[in-house]
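Engineer: Need a 3D model of the following:
(3 chains)
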Amino acid sequence: MANATYQREVINQAGLDMLNLSISQLEKAKEAFVNHDSDLAEEVMNIENRVNALDLKIEKDCEKFIALYNPVAIDLRFVMAIRKINYDLERIADHAYGISKYVVDVDKKIPANLIAAVEFDKMFATILLMFESITDAYENKNVKAARKVFKKDKILDEINVQSFSIIESEIKKDTSIIAEALLLFSVVKKFERVGDHIKNIAEEIIFYIDAEVLKHNKKK
Amino acid sequence: MNNLKKNKLIDSAFKTVGMLFTLLGIIVLAILLYNIIKVGYTRINWDFLTSLPSRRASKAGIYTAIVGTLDLMLLTVIFAIPVGVGAGIYLEEYAKKSRFSRLLEINIANLAGVPSIIYGLLGLGIFVRFFGFGGSILSGALTMSLLILPIIIVATRESIKAVSPSLKEASFALGASKWQTIQRVIIPSSFGGILTGIILSLSRAIGETAPLIVVGAMAYVPFIPHSLFDTFSVLPMQIFTWTTRPQDGFAIAAAGAIIILLAITFIMNGIAVYFRNKWQNKLQ
Amino acid sequence: MAKQIAISMETKIEEQLPMDKIVDKSLKKTPTIEVNDAKVWYGDFMAIKGIDMSIKRNTVTAFIGPSGCGKSTFLRLFNRMNDYVDDFKMEGKIKVNGRNIYKDKVHVEELRKEIGMVFQKPNPFPKSIFENVAYGLKIQGITDKKLIAERVEKALRQADLWEDVKDNLKKSALALSGGQQQRLCIARTLAVEPSIILMDEPTSALDPISTAKIEELIFELKEKYTIVIVTHNMQQASRISDYTAFFYLGKLIEYNKTKTVFTNPEKEQTENYITGRFG
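Structural biologist: Now for the predicted structure:
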């Protein structure tokens, strides 16, 4: 059915745009945070409008698609999954916005040793790998790639749990860096959230392609 | 006995009785044909077909009668078809549906059942006397036309009615006028039915004797009619005349003529059935 | 001698190129079909109770509504097919491409060259495939065999039927399947090169696959033609139309973009109908 297929492709493309946009927002936000680049941070905050607009468009398009084309089976699962994926991507972009706001609001550069101590780079590198996996899964309908993120998410959880005691001890060593340490702690938490969102996206992709519901499934 | 058994018995009883009745009809026809053929087939030869009637049984032939029959049929066709088909098309397609038109429809159907001798009297009065055509082939043909006209009109109307109205709609929707629709869609579709009607009415006409006697077909016409105004004879007339003669030879000749007449009738009906089937298949 | 040839050529061209094909630039902006306060009676029964509507060029408009609501009657006003029904009477103005079509000066045959119609049950003539498609051209008096063959091929291609039948144009149209017959009827209409195509429940007698093929065809035809389709299948209306008109008991309840009608209709009655709460 030409029209329905075309409309579905429009939504699919919009989803991909949202994915790329969220990834780029987060990358810029991390850059801005580590280098205390307030110009870059401003840029991220401005682009937030685009993210919101795209979010609304995808919502509307999904509603229209269901109303007009009565999707069933994989088409229905697709449109249901896209709405949830969209939500998670919007939250990720939101976190990027939040991180950028820290840079703009608090004029303090985070010391490099702190960043190294909490394995910040490793955390972000893992996030990037997870993004790669779900992009592959989304574009190529590759369920295997989607499954890779669950293990990786455990790394993020690990780093997050460790960060508490690490930050605590760093503060004890040098109380002048309390503000920076607290900011860093917040961002680490945000990254852990981002990981959860990516995991949700992976679950939704697996649901839409394989009709396998992994939500609330302990064994992944 | 119970209902089931009773029903089964009635079922097979009906089947048997029906079969018997059918066989009865076929057997009677078979006996008739057998007798006729036994008596008459010896008589049939080329001379028989090409000789003029004569007072001598052995010399008598049915040439005049055959020519008369064929000429009569031809003329009847020329008069009856345009008028009958034209009237049928007009009544079905153009005439407004009103009480008057319904009355007309019923009466035309009734006319088809009027005894043929009445038509003979009508023909006598109008064509023979009033127009002064005399007891000629022209009068005969016009009379027969009147006889079969109602049949052709009814057959035409029924065939046109059988054309699906959706075809008419399609034609109009493409911008065709009423006449174009009739000419290009309705007539081609109803053609088979109309043709069947024409052939069947002709095969009825071919066997009519009474009206032709009244109009003036002669029993003894020892020459070939050359003009429309000549007297004429037809096969049924010839048969009738010969059977009234005492000589055995004429009885045999009559039998021979009957065989020819039957043959012509069967062939015409066969053609009608052929065309009807062809038409049915085309529309499927 | 040359003058005579020129005159006869001119007549030939005029015969074959209906005047309305020369579309005015200003005409492009006017709506293709414009209805003002249309009312229809069959004897004493008022079938259409005063409807206004404006249909834009190159759109697909769907008429929906319960049985007997007047949508087919309303559709048939556009090509004056109601004229053949006894006791038909209409009031109001209906303009097609700027011309009021119920004025006496308009020839119905001319009108139907601009507006084609496809019916619910496929109704090909019991003729060959070629003759079916050529019918509309031949009744206009076109005799140029080459031109006819070209137009027949073009129409069959537009109706997505050419590949199926190109080697069998002399075959009887009745030998085609239901879906193919309906596409043949569409080709037959397209051959006349109308600007508007009316469809009265064109797929209700067809199986789902044939229906899908024809819906795709309608989507393709939208580029060149204005299409109005009556359907009792709401999902079909939502799938293929740009605008939807909801009729009920002879009145136009709502006429809106399809997107709006199916996500957030203005009238409660519309919503009740499409959600299946009545009708």
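Engineer: Tell me who's in contact with C:Leu190.
Structural biologist: C:116, C:154-155, C:158-159, C:197, C:221 (CB atoms under 8 Å, 6 or more residues apart in numbering or on different chains). Every C-beta, even on glycine, is put in place using the N, C-alpha and C of the backbone.
Engineer: Of those residues, which is the most crowded?
Structural biologist: Most neighbours among those, by other CB atoms under 10 Å in any protein chain shown: C:Gly116, with 27 neighbours.
Engineer: Could you give the bridge partners of that one?
Structural biologist: Per DSSP bridges, the residues bridged to C:Gly116 are C:Ile197.
Engineer: Isn't it up against C:Val192?
Structural biologist: Yes - between C:Gly116 and C:Val192 there is a contact at 6.1 Å, judged by CB atoms under 8 Å.
Engineer: Show me the common contact partners of the two, please.
Structural biologist: Residues touching both C:Gly116 and C:Val192 (CB under 8 Å, 6+ apart): B:Leu174.
Engineer: any weak-confidence spans in the chain?
Structural biologist: As the question left the chain open, I've gone with chain A. Scanning chain A for pLDDT under 70 picks out A:1-2, A:218-220.
Engineer: I was after chain C.
Structural biologist: C:1-30, C:104, C:279.
Engineer: what's the spacing between the most centrally placed residue in it and chain A?
Structural biologist: Most central in chain C under CA atoms, centre = their mean is C:Leu198, positioned 1.7 Å from the mean C-alpha point. Counting by CB to the nearest CB, to the nearest Å, the gap from C:Leu198 to chain A is 21 Å.
Engineer: now B:Gly256
Structural biologist: Taking CB to the nearest CB, one finds B:Gly256 at 76 Å from chain A.
Engineer: Same check on B:Leu74?
Structural biologist: Separation of B:Leu74 from chain A (CB to the nearest CB) stands at 63 Å.
Engineer: which element is that residue on?
Structural biologist: Using DSSP states H and E, the element containing B:Leu74 is helix B:63-89.
Engineer: Same check on B:Gly18?
Structural biologist: With DSSP H and E as the test, B:Gly18 turns up in helix B:3-40.
Engineer: ok, now C:Ala62?
Structural biologist: strand C:60-64.
Engineer: Can I take it that B:Ile186 is in a helix?
Structural biologist: Yes - counting by DSSP: H, G, I helix; E, B strand; the rest coil, B:Ile186 is found in a helix.
Engineer: which one is it nearest to, not counting chain neighbours?
Structural biologist: B:Val163 (5.3 Å; CB to CB, 6 or more residues apart in numbering or on different chains).
Engineer: quick one: pLDDT of the one you found?
Structural biologist: Listed pLDDT for B:Val163 reads 91.
Engineer: looking at it, it is touching B:Pro188, isn't it?
Structural biologist: No - applying CB under 8 Å, one finds B:Val163 not in contact with B:Pro188, separated by 9.3 Å.
Engineer: Which of these two has more residues huddled nearby?
Structural biologist: Shown here are B:Val163 and B:Pro188; by other CB under 10 Å, B:Val163 has more neighbours (20 against 15).
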